[in-house]
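Visitor: I would like to see how this sequence folds:
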Amino acid sequence: MQIVKAKRIEPQVINSALYIFLGLIPIVDMINGYNLLENNSIGSLVGVVFRIVSILFLFFLIIQKNRILRLVLLNLFILFIFLVVYINYFRTKNVNGLIDEAMYATKLILPILYALGISNAVNNGIVDEDIVDKILTFFSFLVPLTLIVPMFLNLGYSSYDLGGGYKGFYYSNNELNILMISITIFNFWQLTAHKKKFFFIPFLLNSVSMLLIGSKTSILCVLLLGMIYFFRKISIQSIIKILIVLTILIFLGSRIFSEFFDEIIFRFQYYYTITNGSDNIFNFLLSNRNLRIVPTITEVFLTNKSGFLNFIFGYGHYQQFDPNVLQSIMEMDFVDTIIWYGVVVTAAVLGFYIYVLIRGIKRKADFVYILIYITIFSFSIVAGHVLYSALAGGIFGIIGSRLLHSDSKVKNNH
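Guide: Below is the predicted model of the structure:
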């Protein structure tokens with residue numbers, strides 16, 4: 001198989017650059033969120049520039065000593081996505097629509113490039129073998145501190161318009177929540193399965209931060225971690241220790257953050273009522289996303305005169321999204337993708353992420369990374385805010401890169 005070799009740059013330079021780029025992901029997202037929430041004229045410009053630079057850098061990593069067939073397939077996929085973008089432009093003849101569709105296309109591509117770029121760099125010995133471990137450890141301290149410190153300084157924003165929860169300067173609490181869940185699971189696993197006491201502090205910080213966010217997924221994460229304990233048969237002694245820690249957290253939280261909890265409980269009650277949770281609990285858990293699927297699919301594909309064309313090439317984000325309608329999009333990533341970019345792109349994207357999961361299982365990647373990957377993948381399917389998110393999509397791609405390569409550290413763990 002023919003291999004493509006790019007111009008050589010010192011591995012130390014590439015390694016350092018990658019650490020910087022990955023470490024900046026939450027910081028840039030926070031700056032971007034502040035600009036958007038404050039309605040600054042700069043808007044999301046910082047995020048757009050960072051995304052474009054990231055794509056170029058990751059693509060550079062991908063072409064280092066890679067197989068021609070892989071590069072051809074990747075480029076064909078990217079070209080087809082932008083073909084869909086231009087097809088939708090000629091259907092609407094709207095320049096703003098063209099820009100919007102192109103920006104969303106780059107968002108969809110970015111997590112894939114993270115997975116391919118980092119894994120290829122690791123496999124070629126260009127960057128550290130344990131770069132993902134180090135980045136998650138760094139995030140474990142950085143992200144909760146970007147929430148806790150501003151909160152004590154009385155800065156930042158509530159997670160929800162109705163009040164309740166806290167998200168600091170991050171724009172989307174849903175995307176932040178996915179990152180927090182990922183690093184909390186990582187801390188939890190390092191602390192319990194690998195007996196690394198160092199991770200107790202970041203686990204505590206992230207647990208408090210998840211309580212501050214105050215979403216349903218935060219609560220589900222706690223339940224998930226409890227299930228992992230039983231499935232992995234961790235000792236009774238360990239379970240008792242965790243229960244003691246959780247009891248202390250709940251007690252301190254109820255004292256220090258009572259106002260937050262009151263607002264969160266009010267919000268849950270409100271949404272339980274408006275989603276008719278008493279009649280169908282899935283409506284409440286999915287925030288009525290499930291009720292929007294059939295009407296939208298019917299309108300876009302079945303009753304629309306261009307239904308078949310929409311099915312193949314998509315209807316476009318710009319045409320579907322209405323800034324004046326809160327729930328104009330599905331907020332289920334693969335449903336949104338088939339509506340925006342059609343069945344071909346959706347099948348390719350879904351196939352890629354399933355391939356990454358299967359590859360990780362076959363290569364016996366560390367269980368915690370498989371668990372985090374499945375968790376994020378599941379949220380992408382049922383709750384969205386992953387594939388088109390710089391923050392959540394970034395962590396998804398980073399974890400995916402860990403499944404695409406196996407190293408001596410993984411083998412020793414098993």
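
Visitor: What is the distance between the helix or strand hosting residue 338 and the centre of its chain?
Guide: Using DSSP states H and E, residue 338 falls within helix 333-362. Taking C-alpha atoms, centre = their mean, to the nearest Å, one finds helix 333-362 lying 15 Å from the centre of the chain it belongs to.

Visitor: tell me what it is packed against?
Guide: helix 68-92, helix 95-123, helix 289-297, helix 307-313, helix 317-320, helix 367-382, helix 390-403 (3 or more C-beta pairs under 8 Å, 6 or more residues apart in numbering; DSSP states H and E). C-beta coordinates here come from the backbone N, C-alpha and C atoms, glycine included.

Visitor: how close does the nearest residue to residue 89 once chain neighbours are set aside sit to residue 296?
Guide: Once flanking residues are discounted, residue 89 sits nearest to residue 98: 4.2 Å by C-beta to C-beta, 6 or more residues apart in numbering. According to C-beta to C-beta, to the nearest Å, residue 98 and residue 296 sit 23 Å apart.

Visitor: Just say helix, strand or coil for the residue lying farthest from the centre of the chain.
Guide: Distance from the C-alpha centroid of the chain peaks at residue 305, with 35.1 Å (C-alpha atoms, centre = their mean). At residue 305 the chain is in coil, as set by DSSP: H, G, I helix; E, B strand; the rest coil.

Visitor: The one 10 residues further on now?
Guide: For residue 315, the secondary structure call by three-state DSSP comes out as coil.

Visitor: residues contacting it?
Guide: Contacts for residue 315 were tallied using C-beta atoms under 8 Å, 6 or more residues apart in numbering; they are 88, 300, 304, 339, 340.

Visitor: What's the local residue count around the last one?
Guide: For residue 340, the count of nearby residues is 30 (other C-beta atoms under 10 Å).

Visitor: returning to that earlier point: pretty sure the residue nearest to residue 89 contacts residue 84?
Guide: No. Between residue 98 and residue 84 there is no contact under C-beta atoms under 8 Å: 11.7 Å.

Visitor: which one of the two has more residues nearby?
Guide: A direct count of neighbours by other C-beta under 10 Å for residue 98 and residue 84 places residue 84 higher, at 21 against 18.

Visitor: Go ahead and confirm the more buried one touches residue 313.
Guide: Yes. In this structure, residue 84 is within contact of residue 313 by C-beta under 8 Å, at 5.0 Å.

Visitor: Next one: the residue nearest to residue 300 when sequence neighbours are not counted relative to residue 189, how far apart?
Guide: The shortest distance from residue 300 to any non-neighbouring residue, by C-beta to C-beta, 6+ apart, is to residue 315 (4.9 Å). Residue 315 sits 41 Å away from residue 189, going by C-beta to C-beta.

Visitor: OK, contacts around the residue nearest to residue 89?
Guide: By C-beta under 8 Å, 6+ apart, the neighbours of residue 98 are 85, 86, 89.

Visitor: Out of the contacts of residue 315, which is nearest to residue 110?
Guide: Nearest to residue 110 among these: residue 340, at 15.5 Å, using C-beta to C-beta.

Visitor: picking that back up, which one of the contacts of residue 315 has the most neighbours?
Guide: residue 340 (30 neighbours).

Visitor: Return the helix or strand in the chain with minimum mean pLDDT.
Guide: Least confident helix or strand, the chain: helix 408-413 with a mean of 44, by mean pLDDT, DSSP states H and E.

Visitor: For the stretch 151-300 of the chain, give me the ranges with low pLDDT.
Guide: Low-confidence segments of the stretch 151-300 of the chain (pLDDT under 70): 160-164, 216, 219, 222-243, 245-291.

Visitor: Is it correct that residue 183 is in contact with residue 138?
Guide: No. Using C-beta under 8 Å, residue 183 is not in contact with residue 138; the gap is 9.6 Å.

Visitor: Show me which of the two is the more surrounded one.
Guide: Neighbours per residue, other C-beta under 10 Å: of residue 183 and residue 138, the larger number sits with residue 183, 28 against 16.

Visitor: now the helix or strand hosting that one against helix 390-403, angle please.
Guide: In this assignment (DSSP H and E), residue 183 forms part of helix 173-192. With axes from the mean of the first three to the mean of the last three C-alpha atoms, to 10 degrees defining the directions, helix 173-192 sits at 40 degrees from helix 390-403.

Visitor: Okay, angle between helix 173-192 and helix 367-382 too, please.
Guide: Here helix 173-192 runs at an angle of 160 degrees relative to helix 367-382 (the same axes, to 10 degrees).
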